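Participant: Just to be clear, the model below is a prediction. Sequence and coordinates:
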Amino acid sequence: MAVILFFAATAASAQQPASDWQAGAVLDISAASRALALGQRDQGLGLGHSDVSINGPIGHRFEAQATAAAHTLDRKLEVELEEAWVQTRALPAGLQVRAGRFASQLGYLNEQHPHTDDFVQRPLLHRAFLGGHWTDDGMRINWTAPTDLYVRLGLEAFRGRRLVEETASSRRPGAVVLSGRLGSDIGLSQSWQAGLSLLHNRREAALESGEDAEEGHEEGHAEGHTHGHGAAFSGRRMWLAELVWKWAPDGNNREKQVRVAYEHALVEGLDRFASDSDRHQASYLSVVWRFAPGWETGLRADLLRVRQPHEDHFDDGRLREAALMLAYKPSHAQTLRLQFTRQHDRGGFPTATHSVQIQYILNVGAHAAHAF
Amino acid sequence: MQHTRSKPRAPSWRFALACCAFWSAGAAQAFSVFTCEPEWAALARQLAPTAEVRSATHARQDPHHIEARPSLIAMLRRADLAVCTGAELEAGWLPILQQRSGNPRVQNRAPGMLFAADHLTLIDPRPAGSFLEGDVHAAGNPHAHLDPRRILEMADVIARRLEEIDPAGRDEYRARLAAFQADWQARIQQWERRAWPLRGTRVVAQHSTFAYLWRWLAIEQVADLEPKPGVPPTPRHLQKVLETVRAAPPSALVVSAYQDPRAVQWLAQQLGTNVTVLQLPSTVTEEQPADTLPALFDHLIERLLAATR
């Protein structure tokens, strides 16, 4: 199926129509010596986040993008419509509205396609709290300030699919994300971006107040789940702070570059038994160094601290992860990555392990340009 | 009491208000031009000297590999006109800037978004090949600004677009264009005379960055340091280049200011003493000696002449 999609996109990209519409495909194949706790890649050979994507304008006022994604999980191939959105291009005063299915812009990494990541798997933070990559049906309104300092404020409202571990059909769904982001350059060589997002998870609240709450928490207690679809841990509110700093001599990032990214998440309001001190936290720090054109190495340290509900009390769960990677990118089209990941169980994650992963990514045709 | 005290302050208060009014009027009215590359900024400054012209990139950056940085989104947010090269040169970053800027004036097909490649004839168009052929631009080589005759064509295109977006400045733009054209045509003739000895010179260069310059001056690029377009030089490929040019070494080995010179330095060492390594600016630089368009071509021709002497 994925192969068919892949070749369909190859054919589509080869015969570019005269319009501005573009099509592209990404193939992501990986092999892992073991499956990680809270991981999203199987042991052995697997298909990572591979997609077929089209994007282009609809008249002068709108642009649209659709992406069908496929990956294997638990040895099964899963295909889904990952993105299908329309966005305005002609609103005044720096305003933009997007509607459809898309990835929330909360935090740094979530709105980016996983195949542009610097590591084989998303950070623990994203795997534990956002199901790896949170895309959902909803609407977004953004405002960009007319200033030299980049200022962007955004409000998103979603159905809230996947934010709770089981796909409970609730009568009061919904998740709202408020986010702000700043960014600029420092001289020729440095640039930075900082942001703060607040996710209000009404779906979690609905689940909590509903009759099925007890059942939900029994399931939520399952330790070290490997299935990565819904969020493994959730609460009513999540704060997510992001800080990104990049350095390249004279701004020539083709030759050499250092990229540092940090995200920290705090999840509150776990359930009705939770006190103010019962909350989940996760953070990661990643440092990637492009030491020659096409060659990168990087290190990422992840920390996850959760309070796992168990009837009327909570158990501590702690998981640490460290990843070291080396990547070769001979051109825009290809990436070959070798990664070693080590997990430490500090309570509640008996499936923690270590793994050697190899990943190959192939881009064909025109794919949506990459964000900072 | 209060009245007498406030009286001496009135002038400074009024002055501040006047300043504010002046500043906000100025901020609202300053015509803002965003360019993807410095050559178009230099040209826009010639044609619209009162506009606020800013380039997203500079000569020491590889324009193929720019990141959609927050500062660039903010820069595009306020632009009335954006001038870029097109032909997929900016495909990796400009679409994100457009999408996130929230600026309707600079979206594709809007009058405020101008791509040079839509108005110039490009050399070496290639059918979209397989992904293994490197970063190929199907529409042709995008580095067209290194042919001064194409700069002349673009001056006309940019001036007409300025008129369209800012009709109030029409006479000014026309006068500026006429002056630029007269001056530039004279310069082209001078450059062609001056560069006459360069005809038939053989060079090795990295990427097709200077292809338009070579074609204009009848210089022959006998080998490319890149194994495939956009792919950095590899030891194996450099060995192959060395084999092909050893019998008849080129006069110069050329890299751009944003390319790593180590590959050509190694090649020069292998070839011996008569070969010059030239690291040339491929666009207008921020400092002298190539800080304007005329200075850029003066500089390129002088450096090449010095290398072949």
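Facilitator: Thanks, I have the structure now.

Participant: where does chain B dip in pLDDT?
Facilitator: By pLDDT under 70, the low-scoring segments of chain B are B:1-29, B:127-136.

Participant: And for chain A?
Facilitator: Using pLDDT under 70 as the threshold, the predicted model of chain A has low-confidence ranges A:1-19, A:164-173, A:203-230, A:367-368.

Participant: Please identify which helix or strand holds the residue of it found nearest chain B.
Facilitator: In chain A, the residue found nearest to chain B is residue A:183; the distance is 2.5 Å by Cβ to the nearest Cβ. Glycine gets a C-beta too; all of them are placed from N, C-alpha and C. When secondary structure is defined by DSSP states H and E, residue A:183 falls within strand A:175-186.

Participant: what element comes up after that strand heading to the C-terminus?
Facilitator: Beyond strand A:175-186 toward the C-terminal end (DSSP H and E), the next one is strand A:190-201.

Participant: The closest residue to chain A within chain B: neighbouring residues, count only.
Facilitator: Across chain B, no residue is closer to chain A than residue B:70, which sits at 2.5 Å (Cβ to the nearest Cβ). When neighbours are counted by other Cβ atoms under 10 Å in any protein chain shown, residue B:70 registers 26.

Participant: Once you drop chain neighbours, what's closest to it?
Facilitator: residue A:183 (2.5 Å; Cβ to Cβ, 6 or more residues apart in numbering or on different chains).

Participant: As a check, name the ranges of all strands in chain B.
Facilitator: Under the criterion DSSP state E, chain B contains strands at B:32-35, B:52-55, B:81-84, B:113-115, B:202-205, B:220-224, B:252-256, B:276-280.

Participant: Turn these into CSV, including mean neighbour count and distance to residue A:330.
Facilitator: Shown next, in CSV, are the strands of chain B (neighbours: other Cβ atoms under 10 Å in any protein chain shown; distance: least, Cβ to Cβ, whole Å):
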stretch, mean neighbour count, distance to residue A:330
strand B:32-35, 25, 30
strand B:52-55, 20, 29
strand B:81-84, 26, 26
strand B:113-115, 23, 28
strand B:202-205, 23, 20
strand B:220-224, 17, 16
strand B:252-256, 26, 19
strand B:276-280, 19, 24
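
Participant: Turn those strands into JSON lines, including distance to chain A.
Facilitator: Compiled in JSON lines, the strands of chain B are given as follows (distance: least, Cβ to the nearest Cβ, whole Å):
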{"stretch": "strand B:32-35", "distance to chain A": "10"}
{"stretch": "strand B:52-55", "distance to chain A": "10"}
{"stretch": "strand B:81-84", "distance to chain A": "13"}
{"stretch": "strand B:113-115", "distance to chain A": "11"}
{"stretch": "strand B:202-205", "distance to chain A": "16"}
{"stretch": "strand B:220-224", "distance to chain A": "15"}
{"stretch": "strand B:252-256", "distance to chain A": "10"}
{"stretch": "strand B:276-280", "distance to chain A": "13"}
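
Participant: What about residue B:31, how many residues nearby?
Facilitator: For residue B:31, the number of neighbouring residues by other Cβ under 10 Å comes to 18.

Participant: Make sure it is actually in contact with residue B:169.
Facilitator: Yes. Using Cβ atoms under 8 Å, residue B:31 is in contact with residue B:169, at 7.4 Å.

Participant: any common contacting residues for the two?
Facilitator: Between them, residue B:31 and residue B:169 share the neighbouring residues B:48, B:50, with contact defined by Cβ atoms under 8 Å, 6 or more residues apart in numbering or on different chains.

Participant: how about the residues of the stretch 151-300 of chain B near chain A?
Facilitator: Residues of the stretch 151-300 of chain B lying near chain A by Cβ under 8 Å from any Cβ of the partner chain: B:228, B:230, B:231, B:232, B:258, B:259, B:260.

Participant: how about a cut-off of 6 Å?
Facilitator: Within the stretch 151-300 of chain B, the residues that sit near chain A (Cβ under 6 Å from any Cβ of the partner chain) are B:230, B:231, B:232, B:258, B:260.

Participant: Ramachandran coordinates for residue B:86?
Facilitator: The main-chain torsion angles of residue B:86 are listed as degrees, to the nearest 10 and equal phi 80, psi -160.

Participant: For burial, what's the neighbour tally of it?
Facilitator: Neighbouring residues of residue B:86 were enumerated by other Cβ under 10 Å; the total is 24.

Participant: got it, and residue A:58?
Facilitator: There are 12 residues near residue A:58, going by other Cβ under 10 Å.

Participant: Burial check on residue 61, number of neighbours?
Facilitator: Using chain A. Considering only other Cβ under 10 Å, residue A:61 is surrounded by 14 other residues.

Participant: I was after chain B.
Facilitator: Counted by other Cβ under 10 Å, the residues lying close to residue B:61 total 24.

Participant: what residues are up against it?
Facilitator: With contacts taken as Cβ atoms under 6 Å, 6 or more residues apart in numbering or on different chains, residue B:61 has the following neighbours: A:251, A:252, B:258.

Participant: Is it correct that residue B:72 is in contact with residue B:98?
Facilitator: No. The pair residue B:72 / residue B:98 is not scored as a contact, 10.7 Å apart, by Cβ atoms under 6 Å.

Participant: Of the two, give the one with the bigger neighbour count.
Facilitator: Legend: neighbour count by other Cβ under 10 Å for residue B:72 and residue B:98, higher for residue B:72 (27 against 24).

Participant: List the contacts of the more buried one.
Facilitator: Going by Cβ under 6 Å, 6+ apart, the list of residues near residue B:72 reads B:56, B:97.

Participant: Let's see that with 10 Å instead.
Facilitator: When the contact criterion is Cβ atoms under 10 Å, 6 or more residues apart in numbering or on different chains, the partners of residue B:72 are A:150, A:183, A:185, A:191, A:372, B:34, B:36, B:54, B:56-57, B:66, B:93-94, B:96-97, B:100-101.

Participant: do the same with residue B:34
Facilitator: Contact analysis of residue B:34 by Cβ under 10 Å, 6+ apart lists B:40-41, B:44, B:52-56, B:72, B:75-84, B:97, B:101, B:103, B:105-106, B:112-113.

Participant: how does it look with 6 Å?
Facilitator: Residues in contact with residue B:34, defined by Cβ under 6 Å, 6+ apart, are B:75, B:76, B:79, B:82.

Participant: and the residue of chain B closest to chain A, how far is that from residue B:37?
Facilitator: 20 Å (Cβ to Cβ, to the nearest Å).

Participant: same deal with residue A:233?
Facilitator: Look at residue A:233 and residue B:37: by Cβ to Cβ, they are 47 Å apart.

Participant: What is the neighbour count of residue B:286?
Facilitator: By the other Cβ under 10 Å criterion, the neighbourhood of residue B:286 contains 12 residues.

Participant: Dead centre of chain B: give me the residue that sits there.
Facilitator: When chain B is reduced to its mean C-alpha position, the nearest residue by Cα atoms, centre = their mean turns out to be residue B:39, at 3.3 Å.

Participant: ok, that one - contacts?
Facilitator: If you count contacts by Cβ under 6 Å, 6+ apart, then residue B:39 has B:145, B:283, B:284 around it.

Participant: Format those residues as TSV; extra columns: neighbour count.
Facilitator: Rendered in TSV, the data for the contacts of residue B:39 read as follows (neighbours: other Cβ atoms under 10 Å in any protein chain shown):
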residue	neighbour count
B:145	25
B:283	27
B:284	25
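
Participant: In terms of helix, strand or coil, where does the residue lying closest to residue A:21 once chain neighbours are set aside fall?
Facilitator: Once its chain neighbours are removed from consideration, residue A:21 has its nearest residue in residue A:56; the separation is 3.3 Å (Cβ to Cβ, 6+ apart). Residue A:56 carries the three-state label strand when classified by DSSP: H, G, I helix; E, B strand; the rest coil.

Participant: neighbours around residue A:56, how many?
Facilitator: 16.

Participant: What separation do you get for it and residue A:130?
Facilitator: 28 Å.

Participant: Contact residues of the stretch 51-200 of chain A facing chain B?
Facilitator: Listed as neighbours of chain B in the stretch 51-200 of chain A under the rule Cβ under 6 Å from any Cβ: A:89-90, A:94, A:96, A:144, A:146, A:148, A:150, A:183-185, A:191, A:193.

Participant: before we move on, the earlier item: of residue A:233 and residue B:37, who's got more company?
Facilitator: Here residue A:233 and residue B:37 are compared on neighbour count by other Cβ under 10 Å; more neighbours surround residue B:37, at 27 against 21.
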